[in-house]
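Enquirer: Build the 3D model from these lines:
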Amino acid sequence: KLAPTDSADVANALGLKDGYEIDGAVLQHPGDESTLELVQWIRPYNPESAYAVPVNHFGIHRMAFATSDIEADVAVLKAQGVEFVSEPTTAPNGERFVFLKDQDGTFLKLIEESGTPATAGPDLVRLVNTNMNVADLERSREFYRLLGFTEEEDGAQAGSGDFAAAHGFDDPIEFEGVDVSLPGTGAPFGGDDEATLQLRQWKTPFNGAPPYSPPVNHLGIDRIAFFVDDLNAAMDEMNRLGFEQLGPIGGGASVGGVGIVFFYDPDRIKVELWGPVSEVNPNSSCD
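Expert: Prediction:
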């Protein structure tokens, strides 16, 4: 469970000036140890809805989870009142998938993996990736390469009919893309399957709406967080490379204490770095 800490330094790091109050919890998937941080903002509250259909809005639009039986999962979730964009369909690359929305309108994607036993569902296997819609694929690829995402797999696709309808469109769609991952030994292509980003540059139709603006209290997936071994060193390197910082470090009252800091990626998607500090944060009231 997340503590509703109201410290000035953390508020500044989040892009807030007048403090805050939250409730929340950190959930972990037992299969792959992927982590979701659910946060309910009490103060300040932002009533604006999460990204709506279509799914080509700039920013972090959705997360994708693998399932052992997509048809069974859809049936179980529909019986619970979950809203789906369409029926499951097969993409041109052979991937069977479906989009759904949670109670706040946040998009999720289910992908059926072959070779796993079918169950009554829902039976999610692992977090597959986090989607980011970007304006310039090469520019974003280079940014996340600097953060260590060096394993790559092509993700460009185009199609019409059921494939377009599954994304919320009547007309044909086309996007360029690449899946980038931290080095490792996991599936599907030699990277760390708990840390894969799906970068997509939409060609047709194009949506130029900007990502969520600061602070970080918008409904939906507002940011992505990466752990670093030395927060001060990581922050200094990001500043050296010229990336814009949202606010100062929050936390880190003692060496080794955990702090957080936010940067913008090239599309102004908020990227959180968190980890132990190597220099005391003199403005911190918590570790």
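Enquirer: Quick check: next helix or strand after whichever strand in the chain runs longest?
Expert: Counting residues, the longest strand in the chain under DSSP state E turns out to be strand 191-204. As assigned by DSSP states H and E, the chain's next helix or strand after strand 191-204 is strand 223-227.
Enquirer: Each with direction, which strands does that following strand pair with?
Expert: strand 270-276 (parallel) (DSSP bridges).
Enquirer: what's in contact with the partner strand?
Expert: By Cβ atoms under 8 Å, 6 or more residues apart in numbering, the residues outside strand 270-276 that reach it are 147, 211-212, 214, 216, 222-231, 234-235, 238, 246, 252, 255-265. (C-beta placed from N, C-alpha, C; glycine too.)
Enquirer: end-to-end on stretch 152-169?
Expert: 28 Å (Cα to Cα, to the nearest Å).
Enquirer: Work out the gap between that stretch and the centre of the chain.
Expert: In this view, stretch 152-169 has its centroid 19 Å away from the chain centroid, taken as Cα atoms, centre = their mean, to the nearest Å.
Enquirer: What are the buried residues along that stretch?
Expert: Judged by neighbour count (16 or more other Cβ atoms under 10 Å), stretch 152-169 contains these buried residues: 152, 155, 157, 159, 163, 164, 165, 166, 167, 168, 169.
Enquirer: Ramachandran angles for the fourth one?
Expert: So the one you mean is residue 159. phi 180, psi 170 (degrees, to the nearest 10).
Enquirer: Quick check, it in contact with residue 173.
Expert: Yes - counting by Cβ atoms under 8 Å, residue 159 touches residue 173, with 6.6 Å between them.
Enquirer: before we move on, back to that, now, which of the buried residues of stretch 152-169 sits nearest residue 182?
Expert: Relative to residue 182, the closest of the buried residues of stretch 152-169 is residue 152; by Cβ to Cβ it sits at 11.5 Å.
Enquirer: now the buried residues of stretch 152-169 in TSV, with secondary structure?
Expert: Converted to TSV, the buried residues of stretch 152-169 look like this (DSSP: H, G, I helix; E, B strand; the rest coil):
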residue	secondary structure
152	strand
155	coil
157	strand
159	strand
163	helix
164	helix
165	helix
166	helix
167	coil
168	coil
169	coil
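Enquirer: State the pair within those that is farthest apart.
Expert: So, those by Cβ to Cβ: farthest apart are 152 and 165, at 28.9 Å.
Enquirer: in its sheet, what does the helix or strand of the chain with the lowest mean pLDDT sit against?
Expert: Sorted by mean pLDDT, DSSP states H and E, the helices and strands of the chain end with strand 191-204, the least confident at a mean of 81. The strands beside strand 191-204 in its sheet (DSSP bridges) come out as strand 124-133 (parallel), strand 173-183 (antiparallel).
Enquirer: can you list the residues that contact the very next helix or strand once past the first one?
Expert: In the C-terminal direction, the helix or strand that comes right after strand 124-133 (DSSP H and E) is helix 137-146. Contacts made with helix 137-146 from outside it, assessed by Cβ under 8 Å, 6+ apart, are listed as 132, 134, 152, 176-178, 180, 197, 199-201, 241, 243, 265-267.
Enquirer: just to revisit the earlier point, Serialize the buried residues of stretch 152-169 to JSON lines and add fields for pLDDT and distance to residue 106.
Expert: Output for the buried residues of stretch 152-169, formatted as JSON lines (pLDDT from 0 to 100; distance: Cβ to Cβ, whole Å):
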{"residue": "152", "pLDDT": "89", "distance to residue 106": "27"}
{"residue": "155", "pLDDT": "93", "distance to residue 106": "21"}
{"residue": "157", "pLDDT": "96", "distance to residue 106": "23"}
{"residue": "159", "pLDDT": "96", "distance to residue 106": "25"}
{"residue": "163", "pLDDT": "95", "distance to residue 106": "22"}
{"residue": "164", "pLDDT": "95", "distance to residue 106": "22"}
{"residue": "165", "pLDDT": "93", "distance to residue 106": "20"}
{"residue": "166", "pLDDT": "93", "distance to residue 106": "17"}
{"residue": "167", "pLDDT": "93", "distance to residue 106": "16"}
{"residue": "168", "pLDDT": "90", "distance to residue 106": "15"}
{"residue": "169", "pLDDT": "93", "distance to residue 106": "19"}
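Enquirer: Report the buried members of the contacts of strand 270-276.
Expert: If we count by 16+ other Cβ under 10 Å, those have these buried: 147, 211-212, 214, 216, 222-224, 226, 228, 231, 234-235, 238, 246, 252, 257-265.
Enquirer: This completes my enquiry, with thanks.
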